[in-house]
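K.L.:
need coordinates for the following:
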Amino acid sequence: MERLESSKEFTAHSMELKFFHNYFGNLGGFMCDKAKEFAEKEKLPFLPSNLQVALVNLAQHEKVYFSLTFLEQKSWFARRDSLKNSYSILQSLFLSIVKQEHKVSTSGDFETDGELPENLVSTVCFQLSEFCSARLECISLYIQMFKTALAPPLDTLCEEVKLLLESYPQKFPHDCLRNIQTCISDELTALLALLQARQDIFKWNYTGAIYNLDDAHEVLLKWKPQAMKHQGSSFRGSFFGFGEKLSNPTSGLYVWMEKFFQTLKSQFTFYFYEVLCNTGSSDEMKQMLSKTSYDFVSKALLHIKRNDFSHLFLILNTREQSTTALKYGYPLPDLNDQTCVQNYRIMLTLPHTSNDHVTHIQYLLQNKTDELNLEKVVSHTSSEDNKTFFCAQIDHKIFIIIVCNGLRGDKDSNVTLYLNEVLNQLKLRKIALLLKPGNK
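P.N.:
Below you'll find the model as predicted:
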């Protein structure tokens, strides 16, 4: 009789294990509908009925989470933060199942000294409550990212993501939950890499930016066949080859991250164009630029030719720049260098020819500071040189200057249209707007 009971327990345990592996295998692979259908159809008599209901709800919540539709604008009568409330309710339900399994009074508070419950259902439910807690933190992160508009500095946001990455995934280590553990680890790894790449580009840190972009690309490359219904897609090893057209999106989160990555890659090639030119041939540079979602360099050269511009400059404010921040081909400037204007350095010149505009650049940066800080496009004319200079602030460290041949008005349409387009791209406004309620 004891052997029979033991055999039944072993069989039940094996079936539970198989059930959880199948369910979480689907859930961690972006197949939320399949996970939901599996939880609805596979009725195991020895699993608590409320657990199977909870797993159906979890699959539904994960689908909403990965679609980013929880950020959509709600009507005035709709309940706010509905997905956060749903995960909170689910978290409580998983903990109540743990109590139920251990016959703990529902009137008492559930506490743990760090020792996980011994039976499989209790262990999985307890760790799923931690997973729900992680999701609540992640939802708050995306809401916060929209509020900051991804404008640097992003140090606080990076620290929050890093803390989540270091703490939460290991809180649900059971082998059954490996897929969702990997999924949330990949998500936070990619998000942290993207935010840090944004920071590195802002700080003009070539080395840091390229490593973080590569880290983000690695996760996105892994996610692509899972998150997208692709047909005959090919994947290249370098992130500069990651530019294939996407089709049939099934994950709003993946698509948003991929667009974030592509925008940062375009910005990176623009800011570090001169050092990249020193590392590759002209043909390699053309091929690299052709794979960016927005080719700043080619567009700039086209506008220079079409609209009779003379030069485009990117200027870095080095006043607060540390001695180690300007890396790989960008040493701190010699103030006697013609590319320097009292704490400012000309980091990019298009076309790459000698120029004698330093005096006028200095005038714009030193005498139009207040207007530039208000995100206005400022101008300065030189009758002697028959040139007009336009300047705009990308962020508090980086400025873009357009030099036009001839004397032009303050609101020259060719200049303002081009600058507005470039600023929208460089400030990541379009990426931030994708997180705006109602912009899915």
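
K.L.:
spell out which residues make up each domain of this protein.
P.N.:
2-149, 296-430 (automatic domain parsing).

K.L.:
helices along the stretch 151-300 of the chain, start to end?
P.N.:
Assigned by DSSP state H, counting those that start in this stretch, the stretch 151-300 of the chain shows helices spanning 155-167, 178-202, 206-227, 252-271, 273-277, 282-290, 296-306.

K.L.:
could the ones you listed be laid out in a markdown table, adding mean neighbour count, mean pLDDT and distance to residue 403?
P.N.:
Heads up, the C-betas are built off the backbone N, CA and C, glycines and all. Formatted as a markdown table, those follow (neighbours: other C-beta atoms under 10 Å; pLDDT from 0 to 100; distance: least, C-beta to C-beta, whole Å):
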| stretch | mean neighbour count | mean pLDDT | distance to residue 403 |
| --- | --- | --- | --- |
| helix 155-167 | 15 | 94 | 34 |
| helix 178-202 | 22 | 96 | 24 |
| helix 206-227 | 19 | 93 | 26 |
| helix 252-271 | 22 | 94 | 18 |
| helix 273-277 | 17 | 90 | 17 |
| helix 282-290 | 13 | 90 | 22 |
| helix 296-306 | 17 | 94 | 9 |
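
K.L.:
among these, which is nearest residue 71?
P.N.:
Relative to residue 71, the nearest member of the helices of the stretch 151-300 of the chain by C-beta to C-beta is helix 252-271, separated by 9.0 Å.

K.L.:
and that closest one with helix 296-306, angle?
P.N.:
Here helix 252-271 runs at an angle of 50 degrees relative to helix 296-306 (axes from the mean of the first three to the mean of the last three C-alpha atoms, to 10 degrees).

K.L.:
helix 252-271 packs against which elements?
P.N.:
If contacts are counted by 3 or more C-beta pairs under 8 Å, 6 or more residues apart in numbering; DSSP states H and E, helix 252-271 sits against helix 49-67, helix 178-202, helix 206-227, helix 296-306, strand 344-350, helix 413-426, helix 429-433.

K.L.:
so for residue 283, which of the ones you listed sits nearest?
P.N.:
helix 296-306 (14.1 Å).

K.L.:
next up, the contacts around residue 375.
P.N.:
392, 393 (C-beta atoms under 8 Å, 6 or more residues apart in numbering).

K.L.:
how close does it get to residue 344?
P.N.:
18 Å (C-beta to C-beta, to the nearest Å).

K.L.:
so where's the stretch 301-440 of the chain shaky on pLDDT?
P.N.:
For the stretch 301-440 of the chain, the stretches with pLDDT under 70 are 320-342, 354-355, 436-440.

K.L.:
where does residue 310 fall, phi/psi-wise?
P.N.:
The phi/psi pair for residue 310 (degrees, to the nearest 10) reads phi -100, psi -50.

K.L.:
hang on, the earlier thing: and the domains of the chain as CSV, adding distance to residue 183?
P.N.:
Below are the domains of the chain laid out as CSV (distance: least, C-beta to C-beta, whole Å):
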stretch, distance to residue 183
domain 2-149, 4
domain 296-430, 25
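
K.L.:
residues in contact with residue 197?
P.N.:
So residue 197 contacts 208, 209, 212, 213, 216, 264, 268 (C-beta under 8 Å, 6+ apart).

K.L.:
once you drop chain neighbours, what's closest to it?
P.N.:
residue 212 (3.8 Å; C-beta to C-beta, 6 or more residues apart in numbering).

K.L.:
which residues touch that neighbour?
P.N.:
193, 194, 196, 197, 200.

K.L.:
state the distance from it to residue 268.
P.N.:
On the measure of C-beta to C-beta, residue 212 and residue 268 end up 10 Å apart.

K.L.:
and what of residue 413?
P.N.:
Distance from residue 413 to residue 268, counting by C-beta to C-beta: 30 Å.

K.L.:
do the same with residue 254
P.N.:
According to C-beta to C-beta, residue 254 stands 21 Å off from residue 268.

K.L.:
could you do residue 14 as well?
P.N.:
Taking C-beta to C-beta, one finds residue 14 at 51 Å from residue 268.

K.L.:
cool, and residue 318?
P.N.:
19 Å.

K.L.:
with residue 422 instead?
P.N.:
Taken as C-beta to C-beta, the span from residue 422 to residue 268 is 15 Å.

K.L.:
one more: residue 224?
P.N.:
20 Å.

K.L.:
check residue 395 too.
P.N.:
Residue 395 is 15 Å from residue 268, where distance means C-beta to C-beta.

K.L.:
and residue 299, by the same measure?
P.N.:
As for residue 299, its distance to residue 268 is 16 Å (criterion: C-beta to C-beta).

K.L.:
rewinding a little: can I get the helices and strands packed on helix 252-271 in a markdown table including distance to residue 26?
P.N.:
Below are the helices and strands packed on helix 252-271 laid out as a markdown table (distance: least, C-beta to C-beta, whole Å):
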| stretch | distance to residue 26 |
| --- | --- |
| helix 49-67 | 8 |
| helix 178-202 | 8 |
| helix 206-227 | 11 |
| helix 296-306 | 41 |
| strand 344-350 | 48 |
| helix 413-426 | 38 |
| helix 429-433 | 30 |
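
K.L.:
contact partners for residue 386?
P.N.:
Counting by C-beta under 8 Å, 6+ apart, residue 386 has contacts 405, 406, 407.

K.L.:
now swap in residue 353 and tell me
P.N.:
Contacts of residue 353 (C-beta under 8 Å, 6+ apart): residue 311.

K.L.:
tell me the SS of it?
P.N.:
Recorded secondary structure, residue 353: coil (DSSP: H, G, I helix; E, B strand; the rest coil).

K.L.:
hmm, back to that, so which of the helices of the stretch 151-300 of the chain gets nearest residue 54?
P.N.:
Among these, helix 178-202 sits nearest to residue 54 (C-beta to C-beta), with 14.1 Å.

K.L.:
what angle separates that closest one from helix 413-426?
P.N.:
Using the same axes, to 10 degrees: helix 178-202 against helix 413-426 is 140 degrees.

K.L.:
now helix 178-202: how far from the chain's centre is it?
P.N.:
7 Å (C-alpha atoms, centre = their mean, to the nearest Å).

K.L.:
what's the angle between it and helix 155-167?
P.N.:
Using the same axes, to 10 degrees, helix 178-202 lies at 150 degrees relative to helix 155-167.

K.L.:
tilt between helix 178-202 and helix 206-227?
P.N.:
150 degrees.

K.L.:
wait, what's in contact with residue 127?
P.N.:
Residue 127 neighbours (C-beta under 8 Å, 6+ apart): 116, 171, 172, 173, 174, 177.

K.L.:
what about it, distance to residue 173?
P.N.:
Taken as C-beta to C-beta, the span from residue 127 to residue 173 is 7 Å.
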